[in-house]
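Colleague: Okay, predicted coordinates and the sequence, questions at the end:
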Amino acid sequence: QVQLVESGGGLVQPGGSLRLSCAASGFPFSRYEMRWYRQASGKERELVAYISASGRNINYADSVKGRFTISRDNAKNTLYLQMNSLEPEDTAVYYCYTIGLRLQEYWGRGTQVAVSS
């Protein structure tokens, strides 16, 4: 079955960096678009970044443009999110997401990112 397992979260000081990973299995990863979402406490889940199956098309939320970089390694079935210049407002649970050919939605369990001094 489809599995998405995030890792790499943690506590970091403002201005610091983290790299999130999402290990995917159970589906042809190289054919699926991938996304990172996040949800802060008391707020709605929001789209952070999108990458097409090939990796050629990428989009970011305005709030993370210039600071975050989404990438994928189709040979390793892994999605990444490099997060630089982190701010307290980036504190959230970060989720890996994909959507199947029949529009089935798949989510990981999330990884917590906390930005605090």
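Modeller: In hand now; what should we look at? Numbers count the residues shown, from 1 in each chain.
Colleague: going forward, measure contacts between C-alpha atoms and count neighbours the same way
Modeller: Will do.
Colleague: Could you check what's spatially nearest to residue 91, not counting adjacent residues?
Modeller: residue 114 (4.6 Å; CA to CA, 6 or more residues apart in numbering).
Colleague: Let me know the secondary structure of that neighbour.
Modeller: The three-state label given to residue 114 by DSSP: H, G, I helix; E, B strand; the rest coil is strand.
Colleague: tell me the secondary structure for the residue most central in space within the chain?
Modeller: Nearest residue to the geometric centre of the chain (CA atoms, centre = their mean): residue 36, 2.9 Å. Counting by three-state DSSP, the backbone at residue 36 sits in strand.
Colleague: you'd agree it is up against residue 95?
Modeller: Yes: counting by CA atoms under 8 Å, residue 36 does reach residue 95; the two are 5.6 Å apart.
Colleague: now this protein, which segments are flagged as low pLDDT?
Modeller: Along the chain, no part satisfies pLDDT under 70.
Colleague: hey, where'd the strands end up in it?
Modeller: Residue ranges of the strands in the chain, as given by DSSP state E, are 3-7, 10-12, 18-25, 34-39, 46-51, 58-60, 68-73, 78-83, 92-99, 105-107, 111-115.
Colleague: Please tell me how far the residue nearest to the centre of the chain sits from residue 80.
Modeller: For residue 36, the distance to residue 80 equals 9 Å [CA to CA, to the nearest Å].
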